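In: Provided below for reference: sequence and predicted model.
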Amino acid sequence: MGKSYGLTPTMTPTTRKMDLQVCGEGGESRKRPTVAVGKNRNGKCQIDPLRQKILTTLAVVLVAGLVAGIIASRRASPTLPAPLLLPMSLGRSNAALAVYPGATGAMFVLPDGSLWQWGTGVKHPDGLPELFDDRHRWAKAFNRSGGWLAQETNGNVWELRPGPRHLVPLSVTNQDWVELTGGVMYTLGLQRDGTILGWELNSGPAGKTNAITEVATNFLWRGISASGPFCIGVSSDGMLWTWERRGLSPLTFTQPLQATSNTNWIGVAGGQYAWSSSGELWGAPVARLNSPKAIQGRFALGSIVHEIRSDGSLWAIGAPGPPTSRPMAGGGISTSFGVSGRSVSGSRAALNGRGPAPGFGKFQWRRVGERSDWVSIWGSDGTYYGLTSDSTVWVWGADWGQKPIQTSQDTLAHAWDEIRDHIQASPGGAGPMAGRAMMLTQPYQDAPRPLMRFKPVSK
């Protein structure tokens with residue numbers, strides 16, 4: 001039985017009704033009241049030559065436009081806001097500034113224990129960081145796919161949610177958490193005794209947590225990280241392991257697989273990167289750091305590896321993935337789930353133990369800027385943050401403080417999707433899609449720009 005495409009054939013005195021046909025699997029024909037096609041001498045369906053020429057021409061024009069759009073977007077120079085000026089709070093605490101990068105922004109714990117946020121969801125008109133909470137004294141923040149957790153200095157952990165009740169206490173009590181991470185709709189927590197607990201994400205009322213299960217029970221762990229379904233961890237004996245979530249519910253995982261034979265791994269990040277005590281890297285676009293020792297806070301792993309050298313200069317190696325995009329607000333149907341992040345240079349090839357990251361061995365270290373007073377650096381897979389000695393916090397990479405822009409590439413890609421939707425049936429057979437959302441490009445900041453600056457309080 002033929003599929004309905006929302007079109008009704010009509011007859012007029014100058015037209016005659018036709019059984020129009022399209023090619024199905026194996027070349028068989030099926031009726032569809034739309035653009036005319038015919039059969040070849042073998043009785044197989046063939047597309048009308050004129051229609052094929054039109055589609056080919058459109059495809060060539062769109063591809064050329066996409067290339068031009070990429071070039072134009074890279075040459076664009078947006079007006080950047082001045083950095084957020086904050087009073088120097090170091091005098092009230094011995095703590096240091098801490099940055100916790102995520103997929104679409106970051107959380108900052110300032111030296112006075114206040115918690116700040118930056119990225120998507122921020123209401124500041126210039127896209128600058130804004131205060132999230134200063135009623136508690138915060139120690140650290142944790143990112144998981146799709147959300148944040150934060151821990152007070154007294155050990156209490158809270159879920160960070162949008163809305164008026166933006167802080168919800170984590171109801172998993174009597175736990176001494178070392179690390180909290182997670183992927184889509186689940187959380188993993190590493191306890192100080194080396195065990196990992198996991199539970200599915202609860203978006204309901206406070207005080208309720210889904211069933212908790214122990215993960216990878218044959219090991220004791222010193223570090224874990226997750227992204228999507230992929231997990232990576234360092235066991236207490238210094239070995240590196242990977243595993244994955246299976247299905248949706250209940251929460252179960254594959255058995256951990258040993259990634260390498262080395263036994264000096266000390267840290268993991270981003271659900272796919274690892275570093276050893278001697279500066280070796282795993283899942284990254286380079287085999288090791290320039291320094292013979294991996295000092296946390298002096299390097300950041302991602303699709304581009306950054307490292308602060310002994311003279312205070314900042315160096316990088318690797319390349320960013322394709323532009324990050326997200327659907328335009330109020331744009332109707334979107335084929336993306338939330339925000340589609342940058343392509344990961346580490347790739348799942350490295351994660352599954354089949355080899356190093358794409359481009360491995362082809363990149364060269366390059367200096368970032370001319371400053372030689374870098375103090376600390378943090379990074380996710382696409383956005384990087386640095387602190388210089390003048391108490392300025394810098395950001396570069398996928399810039400979530402800037403509004404997404406509609407590039408020529410976005411416009412042409414959207415036009416091509418619309419054309420394709422009206423020519424091809426949807427996979428479910430429901431006919432053409434309508435109202436597909438325009439995907440906008442998140443600006444990419446090649447050079448570090450000042451994001452926050454701490455100024456001494458005038459007397």
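Out: Structure received.
In: Where do the helices of the protein begin and end?
Out: For the chain, helices defined by DSSP state H occupy the ranges 49-75, 347-351, 408-423.
In: Domain ranges for the protein, per the record?
Out: Listed by automatic domain parsing, the domain ranges of the chain are 1-8+18-46, 75-406+443-455.
In: Mean pLDDT lowest where, among the helices of the chain?
Out: Lowest mean pLDDT within those: helix 347-351, at a mean of 36.
In: hmm, back to that, just the domains of the chain: most buried one?
Out: Counting by mean count of other Cβ atoms under 10 Å, domain 75-406+443-455 has the highest mean neighbour count of those, with a mean of 18. Where you see a C-beta, it was placed from the backbone N, CA and C, and this is true even at glycine.
In: returning to what we had before: select, out of the domains of the chain, the one closest to residue 53.
Out: Among those, domain 1-8+18-46 comes nearest to residue 53, with 13.0 Å by Cβ to Cβ.
In: What segments of the stretch 251-400 of the chain are strands?
Out: For the stretch 251-400 of the chain, the strands defined by DSSP state E, counting those that start in this stretch cover 252-253, 257-258, 265-269, 273-276, 281-282, 299-300, 304-308, 314-318, 325-327, 366-367, 374-379, 383-388, 392-398.
In: What pairs with the first one, parallel or antiparallel?
Out: If I follow you right, that is strand 252-253. strand 240-246 (antiparallel) (DSSP bridges).
In: what's the angle from the partner strand to strand 265-269?
Out: Angle between the axes of strand 240-246 and strand 265-269 is 30 degrees (criterion: axes from the mean of the first three to the mean of the last three Cα atoms, to 10 degrees).
In: Flag the shaky bits of the stretch 1-150 of the chain, pLDDT-wise.
Out: Applying pLDDT under 70 to the stretch 1-150 of the chain flags residues 1-48, 50-52, 54-55, 58-78, 88-95, 146.
In: can you do 80?
Out: 1-81, 88-95, 145-146 (pLDDT under 80).
In: Any chance of CSV for the strands of the stretch 251-400 of the chain, columns distance to residue 222 and mean pLDDT?
Out: Compiled in CSV, the strands of the stretch 251-400 of the chain are given as follows (distance: least, Cβ to Cβ, whole Å; pLDDT from 0 to 100):
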stretch, distance to residue 222, mean pLDDT
strand 252-253, 18, 92
strand 257-258, 15, 95
strand 265-269, 8, 96
strand 273-276, 12, 96
strand 281-282, 15, 96
strand 299-300, 19, 96
strand 304-308, 22, 96
strand 314-318, 26, 96
strand 325-327, 35, 50
strand 366-367, 33, 96
strand 374-379, 20, 96
strand 383-388, 25, 95
strand 392-398, 29, 94
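In: Against residue 382, how distant is residue 102?
Out: Separation of residue 102 from residue 382 (Cβ to Cβ, to the nearest Å): 10 Å.
In: let me redo that: residue 302
Out: Distance, residue 302 to residue 382, by Cβ to Cβ: 7 Å.
In: Common neighbours of those two, please.
Out: residue 397 (Cβ atoms under 8 Å, 6 or more residues apart in numbering).
In: residues in contact with residue 216?
Out: Contacts of residue 216 (Cβ under 8 Å, 6+ apart): 196, 233, 241, 243, 253, 255, 256.
In: Next one: it from residue 198, what distance?
Out: 9 Å.
In: which residue packs closest to residue 290, ignoring adjacent ones?
Out: Spatial nearest neighbour of residue 290, excluding adjacent residues (Cβ to Cβ, 6 or more residues apart in numbering): residue 307 at 5.7 Å.
In: Go ahead and confirm that neighbour touches residue 286.
Out: No: counting by Cβ atoms under 8 Å, residue 286 is not a contact partner of residue 307; they are 9.5 Å apart.
In: how about residue 388, what does it touch?
Out: So, once contact is read as Cβ under 8 Å, 6+ apart, residue 388 ends up touching 371, 373, 374, 375, 394.
In: Residue 157 too?
Out: 149, 150, 151, 169, 170, 172, 177, 180.
In: from those, which is closest to residue 448?
Out: residue 150 (26.0 Å).
In: My guess is that closest one contacts residue 115. True?
Out: Yes: using Cβ under 8 Å, residue 150 makes contact with residue 115 at a distance of 6.0 Å.
In: Quickly list what's touching both of these two.
Out: Counting by Cβ under 8 Å, 6+ apart, the residues touching both residue 150 and residue 115 are 107, 133, 138, 141.
In: Any chance of those residues in JSON lines with distance to residue 363 as columns?
Out: Shown next, in JSON lines, are those (distance: Cβ to Cβ, whole Å):
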{"residue": "107", "distance to residue 363": "30"}
{"residue": "133", "distance to residue 363": "40"}
{"residue": "138", "distance to residue 363": "37"}
{"residue": "141", "distance to residue 363": "31"}
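In: quick one: which of these sit in strands?
Out: Judged by DSSP state E, the subset of these located in strands is 107, 133, 138, 141.
In: In the beta-sheet assignment, what are the partners of the last one?
Out: With DSSP bridges applied, the residues forming beta bridges to residue 141 are residue 150.
In: Make sure it is actually in contact with residue 100.
Out: Yes: assessed by Cβ under 8 Å, residue 141 is found in contact with residue 100 at 4.1 Å.
In: Overlap of the contact sets of the two?
Out: 107, 109.
In: excluding its backbone neighbours, what's nearest residue 127?
Out: Nearest to residue 127 is residue 401, by Cβ to Cβ, 6+ apart, at 3.7 Å.
In: remind me which residues of the stretch 201-350 of the chain are low pLDDT?
Out: Ranges of the stretch 201-350 of the chain meeting pLDDT under 80: 201-211, 216, 321-350.
In: please redo it, this time with the cut-off set to 50
Out: 207, 327-350 (pLDDT under 50).
In: distance of residue 167 from residue 188?
Out: According to Cβ to Cβ, residue 167 stands 21 Å off from residue 188.
In: wait, I meant residue 364
Out: Going from residue 364 to residue 188 by Cβ to Cβ gives 36 Å.
In: what does residue 450 give?
Out: Distance, residue 450 to residue 188, by Cβ to Cβ: 35 Å.
In: show me the contacts for the residue nearest to residue 127.
Out: Going by Cβ under 8 Å, 6+ apart, residue 401 touches 81, 118, 119, 122, 126, 127, 128, 395, 451.
In: Tell me if I'm right that the last one and residue 385 touch.
Out: Yes: taking Cβ under 8 Å as the definition, residue 451 is a contact partner of residue 385 at 7.4 Å.
In: shared neighbours, those two?
Out: Counting by Cβ under 8 Å, 6+ apart, the residues touching both residue 451 and residue 385 are 393, 394, 395.
In: Which residues does the second one form beta bridges with?
Out: Beta-bridge partners recorded for residue 394 (DSSP bridges): residue 386, residue 450.
In: Double-check it against residue 445; I have them as touching.
Out: No: with contact defined as Cβ under 8 Å, residue 394 does not count as touching residue 445 (9.6 Å).
In: mind listing what residue 262 touches?
Out: 238, 239, 240, 276, 280.
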